[in-house]
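> sequence unknown, structure follows:
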């Protein structure tokens, strides 16, 4: 990832973070709600190479750690998003059938959000954090998958166009 691409993509993630903190967290959606920054980071990673995915996860993870609504210690979301974004980019990078099909990217993003939250929960348990009951956790994970499945196809075209503009490639979606 060149310095130019980094500078061009930073305002996109800053806007997603500010929109998440200023608007999305104020929506009291049932069943857990939406994590917009996580969705944007995973879609961006699905369209990128693994090294760009890891950098995206690092930047988005720091932003999520700085969020007022983040329940974990500093660096918790950063570690989770570096792993998740790299894995999503690695899976999507080798197969053009995944990267060129919007349904596959939306499905990959939904699975990535749930897997990221499970990894966050497991690392939180290892760090000694309190978690709720198993039923409540499953309810929140199902709700998060539901909202991500609705939102990610709506955001996909916009993020694909922004990704193509930043990296100077044509969008195939």
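Thanks, I have it. It should be emphasised that the depicted structure is a prediction, and the values quoted were computed from it without experimental measurement.

> okay, and the helix or strand of this protein with the least pLDDT?
helix 96-99 (a mean of 72; mean pLDDT, DSSP states H and E).

> Tell me the helices and strands packed up against that helix.
helix 76-93, helix 102-126 (3 or more Cβ pairs under 8 Å, 6 or more residues apart in numbering; DSSP states H and E). In this view, the C-beta of every residue, glycine as well, is placed from N, C-alpha and C.

> which of those helices is buried the deepest?
Mean neighbours per residue, mean count of other Cβ atoms under 10 Å, is largest over these for helix 76-93, with a mean of 23.

> In TSV: the helices and strands packed on helix 96-99, plus mean pLDDT.
As requested, the helices and strands packed on helix 96-99 are exported to TSV (pLDDT from 0 to 100):
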stretch	mean pLDDT
helix 76-93	92
helix 102-126	93
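
> okay if I get those as JSON lines plus distance to residue 70?
Shown next, in JSON lines, are the helices and strands packed on helix 96-99 (distance: least, Cβ to Cβ, whole Å):
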{"stretch": "helix 76-93", "distance to residue 70": "6"}
{"stretch": "helix 102-126", "distance to residue 70": "10"}
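
> what's the closest of the ones you listed to residue 17?
Nearest to residue 17 among these is helix 76-93 (11.8 Å), distances taken as Cβ to Cβ.

> In space, what's closest to residue 129 - neighbours in sequence excluded?
residue 72 (6.6 Å; Cβ to Cβ, 6 or more residues apart in numbering).

> From residue 43, how far off is the one you found?
Going from residue 72 to residue 43 by Cβ to Cβ, to the nearest Å gives 23 Å.

> So which of the two has more stuff around it?
Applying other Cβ atoms under 10 Å to residue 72 and residue 43 shows that residue 43 carries more neighbours, namely 26 against 18.

> Excluding chain neighbours, give the residue nearest to the more buried one in space.
Nearest to residue 43 is residue 159, by Cβ to Cβ, 6+ apart, at 4.7 Å.

> Test my guess that the one you found contacts residue 40.
Yes: here residue 159 reaches residue 40: they are 6.2 Å apart, a contact under Cβ atoms under 8 Å.

> Just want the angle from the helix or strand where residue 144 lies to helix 102-126.
According to DSSP states H and E, residue 144 maps onto helix 134-167. Per axes from the mean of the first three to the mean of the last three Cα atoms, to 10 degrees, the angle that helix 134-167 makes with helix 102-126 is 130 degrees.

> Helix 134-167: which residues count as buried?
Residues of helix 134-167 classed as buried: 140-141, 143-148, 151-153, 155-156, 159-160, 162-163, 166-167 (neighbour count, 16 or more other Cβ atoms under 10 Å).
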